[in-house]
Each structure stands twice: as C-alpha cells, then as structure tokens.
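Undergrad: Need a 3D model of the following:
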Amino acid sequence: LTKSIRAGLLDRHAGAADKPPFAEIGPNRMTVYASLGNVPTKITYSVNSNRELIEQWYPGVSSSNPYWTFSATPRTTVIARKIPTTAGALFTYYDYNGALLTNQTSTSTTDLAQVRSVKIALTVDVDPARAGGPVTVSSTVVLPNLGIAKR
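TA: As a prediction, this is how the structure comes out:
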C-alpha cells in the first residue's frame, strides 16, 4: 500500500490539464495512478463485503504513451483478510499543510488535487476465537512525485 501511494503521479491527458494522482478517495476505497514499472498503473484498493482488502491493478496500455489509458481487466489480489467491522477508516487524506481534508470521500478533481499525504491504518483480527483482539498497523505516506516531500 505505501509503495503504491508513494509512487503516485499525475495522470497526463492530451490538450487538457494533468489529472491528480487519485481517481477516487474514500475511507475504505482509493484509486491511485502510480509509477511502479515500465508503464504507469491504475490501482484500486477496497474493502469488500467479506471484510477483505482487495488490490486491483490496471496496467497502462503501452501504445497509449504518453497519454495513458489503462487495461479494462485488472489483476486482482487479496491483500488482507479478517478486517473487523469495528475497524476505523483504512485511508485518511491530508492536504499540503497536513490538515485533514474536508471531503474524505470524493471523485471531484478539485478535492483529489488537494491530497498530499495519506494515512493508512490497516486493522486485522487474525483469530477472533482466541480473543487476542485486532491489531492495527498505521503509516502516513507523502506523495514525493508531486514535488512536495518535506526534508
């Protein structure tokens, strides 16, 4: 998750302004354009009804360079299972100043362009029958490809 977000990049379009690195944001769903190989990739992370974290990779179509289009068929992987229904937001979004974005769920280009960092808080409950309780791993990721990494 952190690698994909850190690799976020602007989505270029012919004759139009570049689109933000995110196509959608939400507490338990996010789509990001990332540079993780020879061609950009569109990646969607979401928590499904089975309480699994799903990753869907849509690779860029090589012939569309430099104004990328993406495959309609994703490579789908289950990243985590047993996410408790009581878990908080998987994703929280912040602006350049580190302030919480007002709209945490959006597909608006105006809202998406404000995202400069994302807090990921992944909670899983390995074996609820053992009463050990859920475990949360948390990290905040800045998008350095936007030229805003603070040193």
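Undergrad: tell me, what residue is most central in the protein?
TA: Taking Cα atoms, centre = their mean, the centroid of the chain lies closest to Met30, which sits 4.3 Å from it.
Undergrad: And Tyr67, how close does it get to Leu10?
TA: 12 Å (Cβ to Cβ, to the nearest Å). From N, CA and C alone the C-beta is placed, and that goes for glycine too.
Undergrad: Neighbour count for the two, which is higher?
TA: Neighbours were counted for Tyr67 and for Leu10 using other Cβ atoms under 10 Å; Leu10 has more, 16 against 11.
Undergrad: Isn't that one up against Asp18?
TA: Yes - in this structure, Leu10 is within contact of Asp18 by Cβ atoms under 8 Å, at 4.0 Å.
Undergrad: Which elements pack onto whichever helix or strand the residue nearest to the centre of the chain is part of?
TA: Element membership of Met30, judged by DSSP states H and E, is strand 29-34. Judged by 3 or more Cβ pairs under 8 Å, 6 or more residues apart in numbering; DSSP states H and E, strand 29-34 is in contact with helix 2-6, strand 22-26, strand 41-47.
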